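1. next one to model:
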Amino acid sequence: MFIKPFLLFTLLTLFLFLSSTNGTGHQLIVVNNCKESIWPGILGGAGHPTPKDGGFHLISGQEAVIDVPPKWSGRIWGRQDCNFSANGRGSCATGDCSGKTQCQGLGGTPPATVVEMTLGTSISPLHFYDVSLVDGFNLPVSMKPVGGGIGCGMASCDVDLNLCCPSALEVRVGGRVVGCKSACLAMRSARYCCTGEFSDPKSCKPTLFAHLFKAMCPRAYSYAFDDSSSLNKCRASRYVITFCPPK
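-> Alright, predicted model coming up:
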């Protein structure tokens with residue numbers, strides 16, 4: 001069948017447009033606004049790649065740009081007070097993963113403040129992201145689209161919860177509080193972890209500690225079945241994730 005040149009040109013243009021709009025990935029700009037160095041950890045969800053081998057170093061004031069593919073899903077957290085040798089082996093006071101600079105497919109050891117995201121799925125073009133305190137807290141962090149967007153919000157916990165952490169939840173290194181455990185991590189019971197017979201929102205209710213976290217960081221998840229308003233919906237090409245964001 002012969003296709004007229006004009007129609008062929010139109011079809012080719014449409015194909016290129018769809019390829020560029022649907023096949024383009026996203027950028028995550030990770031910023032260290034803290035006074036000290038941090039070592040962000042990153043982990044792709046099941047079936048998704050893990051950029052930068054899962055970890056990297058940012059000195060104070062530095063940023064890194066991470067390219068992720070379309071529909072990427074994963075998490076980012078901060079590691080602090082790390083000490084790595086020349087071959088990349090060592091440990092961190094909080095958020096440690098593999099005992100290496102790169103986490104290589106492993107998640108961080110709680111307590112750690114976690115940024116979670118799903119940047120589109122096969123059934124929805126929307127991006128979903130949140131800041132979670134379900135695994136406890138170690139560093140303030142936020143995530144928002146670059147330039148804003150319709151219906152887009154900021155997920156954050158921009159308060160240093162270590163300063164008001166209950167003594168039963170404190171993680172101390174050298175006499176300094178470097179992390180605040182979740183009630184689940186501290187108590188290790190199904191009631192506090194929302195597991196077993198408490199694995200649904202009717203039976204698992206926020207603890208006193210979750211209420212404290214929520215009061216201090218209302219735009220973050222404080223426990224497994226926290227209010228859905230803590231989940232942000234957006235569609236943008238670039239997002240900025242800032243550790244120790246300005247208030």
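2. the chain: helices as residue ranges?
-> With helices called from DSSP state H, the chain shows them at 5-22, 183-187, 190-193, 208-216.
3. mean pLDDT lowest for which of the ones you listed?
-> Among the helices of the chain, helix 5-22 carries the lowest mean pLDDT, at a mean of 38.
4. just the pLDDT for the most centrally placed residue in the chain.
-> Closest residue to the average C-alpha location of the chain: V115 at 1.4 Å, with C-alpha atoms, centre = their mean. Note for V115: predicted pLDDT of 98.
5. looking at the protein, which helix or strand does the model trust least?
-> helix 5-22 (a mean of 38; mean pLDDT, DSSP states H and E).
6. what pLDDT does F2 get?
-> Looking at F2, the pLDDT reads 43.
7. related to what we said a few turns ago, for the residue nearest to the centre of the chain, give the beta-bridge partners.
-> I76, V131 (DSSP bridges).
8. list the contacts for it?
-> Listed by C-beta atoms under 8 Å, 6 or more residues apart in numbering, the contact set of V115 reads R75, I76, W77, Y129, D130, V131, S132, V141, M143, A155, I241. In short, each C-beta sits where N, CA and C put it, glycine included.
9. okay, now the residue nearest to E36 when sequence neighbours are not counted: neighbour count?
-> On the basis of C-beta to C-beta, 6 or more residues apart in numbering, the spatially nearest residue to E36 that is not a chain neighbour turns out to be S60, at 6.1 Å. Residues lying near S60 (other C-beta atoms under 10 Å) number 13.
10. list the contacts of S60.
-> Per C-beta under 8 Å, 6+ apart, neighbours of S60: N32, N33, C34, K35, E36, S37.
11. please apply the same query to L119.
-> Shown in contact with L119 (C-beta under 8 Å, 6+ apart): H26, V68, P70, K71, W72, S73, H127, Y129.
12. please identify which pair of the residues you listed lies farthest apart.
-> Maximum pairwise distance among these (C-beta to C-beta): 15.3 Å, between P70 and Y129.
13. of those two, who's got more company?
-> Per other C-beta under 10 Å, whichever of P70 and Y129 has more neighbours is Y129, with 22 against 13.
14. before I go, just wanted to say thanks for your time.
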